[in-house]
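Peer 1: the following comprises the amino acid sequence and a computationally predicted model.
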Amino acid sequence: MKAALLKEIENLEIIDIEKPIPGENEIVIKVKVCAICGTDIKVYHHGHKLIVFPRITGHEVSGIVAEKGKKVSEFKESDKVAVAPAIPCGRCWYCRKGQQSMCDNLETIGYLYNGGFAEYMRVPENAVLNGCVNKLPENLSFEEAAIAEPLACVINGQILSMLEIGDTVVIIGAGPIGCFHSQLAKINGASKVILGDISSERLEMAKFTGAKLVDMSKENIKEVVKEETEGKMADRVIVAAGAKEAQETAVEIVAKRGSVNFFGGLPKEVPFINLNSNLVHYGEFFITGTHGSSPVHNKIAISLLANKRIDGTKYITHKFPLEEIKQALKTAEDKKGLKVIVIPEK
């Protein structure tokens, strides 16, 4: 089979390798679509502590069950599926408490296991047994199903943000995650959604969300939020950008007893921000973070996409064959679109 093998940092080659064989509790899927995540770009340039090279990366995957192990009964060959890449162990304290994204033994497809930038991908036993493989409704395309994973993370983020009906929600960062947050906030009952970014190009692409758009390179978002809320400020602030300035701004625009979600992580070289803790002390607001999702969030994401509560086709702006994966990564890195997808099958 054809695969994009990352031999070491920035050494990515299309090669022929043996098609994977499933263990008795595993499946092998024929990959139809693998979408590019920002993490894929980071791994390409910098590697990751969990990756041992060589590795096939890519974790936003949809496809068809091509082969299954002899003990697999839940799936049959030809089933259309999407795979949640973060695999909980199901046995640790956090898993048994229902907090699978916090699993002490979390494993990830595309890191510890070969991922979806290939014609076929083996789904490991723990992923099959712990609900990481979801069958797809007939009306949901493989392209839309592949982006269920980032939407699942957004679902987790809004649960952690404690969003309530009638809230004013501010999202900083108008990439695909920010757009997902904008649309999901409305579904969850937000009365007003404000989406800010320093990139006018990003904001132009985000018009379909229906959020109030704020060009933070020209407008003071603090003043905009103050005016929109009659001085109360935002009930929920979600930072969907990996920028310390955005996180510092978030704590200045949140309402009393509101919440701030640091959805976008900071580079490990500069992980600290300047935080006026008195704002937290007197405002009694909550600061939380989001870094992933659980299998149940992926199942909900697939349902939202299948029922067109969120139109996944609005997010997919570029498509590349596997042979052009380097160009696909560059397109995503340059933020020329929203979601860039790779299609292994010719």
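Peer 2: On my side now, so go ahead.
Peer 1: check what pLDDT the spatially most central residue of the chain gets.
Peer 2: The central residue of the chain, meaning the one whose C-alpha is nearest the mean C-alpha position (C-alpha atoms, centre = their mean), is residue 150 at 2.2 Å. pLDDT for residue 150: 97.
Peer 1: stretch 222-235 spans what distance, first to last residue?
Peer 2: Across stretch 222-235, the terminal residues are separated by 13 Å (C-alpha to C-alpha, to the nearest Å).
Peer 1: number of nearby residues for residue 186?
Peer 2: Neighbourhood size, residue 186 [other C-beta atoms under 10 Å]: 18. Every residue, glycine included, has its C-beta placed from N, CA and C.
Peer 1: going forward, count from 719.
Peer 2: Yes, from this point I'll number from 719; that puts the last item at residue 904.
Peer 1: tell me which element the residue nearest to the centre of the chain falls in.
Peer 2: Assignment of secondary structure by DSSP states H and E places residue 868 within helix 866-879.
Peer 1: do the same with residue 1022
Peer 2: Judged by DSSP H and E, residue 1022 forms part of helix 1013-1024.
Peer 1: any buried residues in that helix, and which?
Peer 2: Of the residues in helix 1013-1024, those with enough neighbours to count as buried (16 or more other C-beta atoms under 10 Å) are 1013, 1014, 1015, 1016, 1017, 1018, 1019, 1020, 1022, 1023, 1024.
Peer 1: so residue 950 is in contact with residue 973, correct?
Peer 2: Yes. Under the criterion of C-beta atoms under 8 Å, residue 950 makes contact with residue 973 at 5.3 Å.
Peer 1: neighbour count for those two, which is higher?
Peer 2: Looking at residue 950 and residue 973 with other C-beta under 10 Å, you find the greater number of neighbours at residue 973, namely 20 against 13.
Peer 1: dump the residue contacts of the closest residue in space to that one that isn't next to it in sequence.
Peer 2: Excluding the flanking residues, the one nearest residue 973 by C-beta to C-beta, 6 or more residues apart in numbering is residue 951, at 4.2 Å. When contacts are counted by C-beta atoms under 8 Å, 6 or more residues apart in numbering, residue 951 is found next to 943, 944, 971, 972, 973, 974, 976.
Peer 1: so how far is residue 935 from residue 951?
Peer 2: Taking C-beta to C-beta, to the nearest Å as the measure, residue 951 and residue 935 are separated by 21 Å.
Peer 1: quick check: buried residues in the helix or strand hosting residue 964?
Peer 2: Element membership of residue 964 [criterion: DSSP H and E] is helix 962-971. With burial defined by 16+ other C-beta under 10 Å, the residues of helix 962-971 counted as buried are 962, 964, 965, 967, 968, 969, 971.
Peer 1: and if you look at stretch 725-733?
Peer 2: Taking 16+ other C-beta under 10 Å as the basis for neighbour counts, the residues of stretch 725-733 that come out buried are 730, 732.
Peer 1: contacts for it next, please.
Peer 2: Contact with stretch 725-733 is made by 720-724, 762-765, 771-772, 1040-1041, 1043-1044, as judged by C-beta under 8 Å, 6+ apart.
Peer 1: next: stretch 929-942.
Peer 2: With C-beta under 8 Å, 6+ apart as the contact definition, stretch 929-942 has outside contacts at 888-890, 892, 900, 910-918, 921, 924-925, 946, 967, 970-971.
Peer 1: and residue 799, which of the three is it?
Peer 2: When classified by DSSP: H, G, I helix; E, B strand; the rest coil, residue 799 comes out as strand.
Peer 1: any idea how far it lies from residue 745?
Peer 2: Computed with C-beta to C-beta, the distance linking residue 799 and residue 745 is 8 Å.
Peer 1: if I look at these two, which residues touch both of them?
Peer 2: Contact with both residue 799 and residue 745 is made by residues 783, 793, 851, according to C-beta under 8 Å, 6+ apart.
Peer 1: verify the contact between the second one and residue 853 for me.
Peer 2: This means residue 793. Yes. The pair residue 793 and residue 853 passes the contact test of C-beta under 8 Å, sitting 7.5 Å apart.
Peer 1: residue contacts, the closest residue to residue 799 other than its chain neighbours?
Peer 2: With C-beta to C-beta, 6+ apart as the measure, residue 851 is the residue that lies nearest to residue 799, at 5.3 Å, once sequence neighbours are left out. Residue 851 sits next to 745, 792, 793, 799, 800, 801, 802, 841, 845 when contact means C-beta under 8 Å, 6+ apart.
Peer 1: over to the third one. Which of the three states is it?
Peer 2: Spelled out, it's residue 793. What three-state DSSP gives for residue 793 is coil.
Peer 1: following whichever strand or helix holds residue 919, which helix or strand shows up next?
Peer 2: Residue 919 is part of helix 918-923 when elements are defined by DSSP H and E. Toward the C-terminal end, the helix or strand that comes next after helix 918-923 (DSSP H and E) is strand 930-933.
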